[in-house]
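[1] fold the following, please.
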Amino acid sequence: MVEYIYNTPVDDKPFTAEEIDEGMDLLEKAGINTGYDDAAIESYAVFCKLREDGVIPNGRAFLPRVEPLYEQALHRAMRRVQDEIPHEDLAIQIDLAAETAFWETSITDPKDIKADSGLNFFKPWWDGDVKERCLSHIIHMAEQVAQDVELGIHNCYGDMNHRHWHEPTSLAAVVDRGISVMEASPHKINWFHCPVPKSALERPEVGLDAYLAPLKDLVPYLEKNDTELYLGLVHEHRPDLTQQMIEAAKKVVPAFGIATECGGGRMEWKDFEGALKIAKENSEPSL
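    Alright, predicted model coming up:
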């Protein structure tokens with residue numbers, strides 16, 4: 001028996017014979033219904049109807065084709081938001097989390113990926129170039145944004161239970177992808193957000209200077225596209241850490257805004273209030 005904890009290796013946890021018997025008794029009395037069979041049977045009815053209508057050709061097996069359908073649903077949602085909200089009041093941010101995982105994996109030597117690394121969770125299941133596939137999805141999203149609506153990119157390493165699925169050693173993957181997006185996007189990237197995790201300081205073998213160094217390659221593209229850079233270095237209850245990161249970033253990029261590393265949606269109010277205070281103390285309005 002094991003206990004699962006977010007974003008950590010799974011360790012053995014011994015249970016007593018009494019605990020196992022108690023758990024088994026509960027399962028046997030409650031019964032287990034996964035719901036997969038109900039969903040599959042309902043889906044098959046839809047599949048048959050589509051086949052009868054000629055939407056799905058004869059001879060095609062009943063296989064899930066979820067990804068393109070979900071992408072289309074996202075695009076519809078983006079268009080509807082733009083239809084309902086005045087564009088001057090609207091900005092759209094694309095959150096790149098899974099894409100960051102696959103991109104990071106694509107530039108990492110497999111020999112350097114440890115057994116307990118979160119990178120092992122993000123191995124491509126498709127054939128072809130990993131970067132090209134990720135970039136294609138991002139560009140398809142950008143194509144849905146009207147030219148008079150601002151568009152930003154948030155690069156993310158996950159925030160499940162306030163932990164990353166992977167602690168990056170540098171911004172190399174984020175910068176590499178950012179350059180690719182800026183070169184290919186049909187829409188201006190108005191802002192670009194980069195995470196600066198506490199681990200960059202906590203791990204001496206990494207260090208802030210090495211972590212931030214790839215940003216120098218991004219600067220020409222930021223300037224060319226008039227893109228604002230925001231660094232996610234506001235860490236709640238750690239004003240000293242934020243200040244240290246700001247000073248390190250000044251050595252690499254000439255100008256930048258500041259933000260929390262991964263948004264504030266999962267913060268308790270007291271923590272979020274503290275993060276806002278740190279942000280206020282270290283910034284000024286840009287307008």
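
[2] now stretch 211-224: buried residues?
    Going by neighbour count (16 or more other Cβ atoms under 10 Å), the buried part of stretch 211-224 is Y211, L212, A213, P214, L215, L218, Y221, L222. In short, each C-beta sits where N, CA and C put it, glycine included.

[3] and the pLDDT at the spatially most central residue of the chain?
    Central residue of the chain (Cα atoms, centre = their mean): A97, 1.4 Å from the mean position. At A97, the model reports a pLDDT of 81.

[4] now for the nearest residue to it once chain neighbours are set aside: which residues touch it?
    Nearest non-adjacent residue to A97, counting by Cβ to Cβ, 6 or more residues apart in numbering: C156, 4.2 Å away. Contact analysis of C156 by Cβ atoms under 8 Å, 6 or more residues apart in numbering lists D95, L96, A97, T100, P195, C262.

[5] as TSV, the residues you listed with distance to H235 and secondary structure would be great.
    Shown next, in TSV, are the contacts of C156 (distance: Cβ to Cβ, whole Å; DSSP: H, G, I helix; E, B strand; the rest coil):
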residue	distance to H235	secondary structure
D95	19	strand
L96	21	strand
A97	19	coil
T100	19	helix
P195	11	strand
C262	10	coil
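
[6] so which of these comes closest to D25?
    For the contacts of C156, the residue nearest D25 by Cβ to Cβ is A97; the value is 39.8 Å.

[7] which intervals of the stretch 1-150 of the chain have sub-threshold pLDDT?
    Where the stretch 1-150 of the chain drops to pLDDT under 70, the residues are 1-13, 27, 31-34, 36-37, 40, 59-66, 107-122.

[8] separation between the residue nearest to A97 and H137?
    Remark: distance between C156 and H137 (Cβ to Cβ, to the nearest Å) = 15 Å.

[9] check E143 too.
    Going from E143 to H137 by Cβ to Cβ gives 11 Å.

[10] neighbour count winner among those two?
    Using other Cβ atoms under 10 Å as the criterion, E143 and H137 rank with H137 on top: 16 against 12.

[11] quick one: contacts for the more buried one?
    E71, E99.

[12] three-state assignment of it?
    helix (DSSP: H, G, I helix; E, B strand; the rest coil).

[13] same deal with Y157?
    Per three-state DSSP, Y157 ends up coil.

[14] measure it to K198 for me?
    Distance from Y157 to K198, by Cβ to Cβ: 12 Å.

[15] those two: which has the busier surroundings?
    Y157 (24 against 15).

[16] hang on, the more buried one packs against T169?
    No: look at Y157 against T169 with Cβ atoms under 8 Å: they stay out of range, at 11.6 Å.
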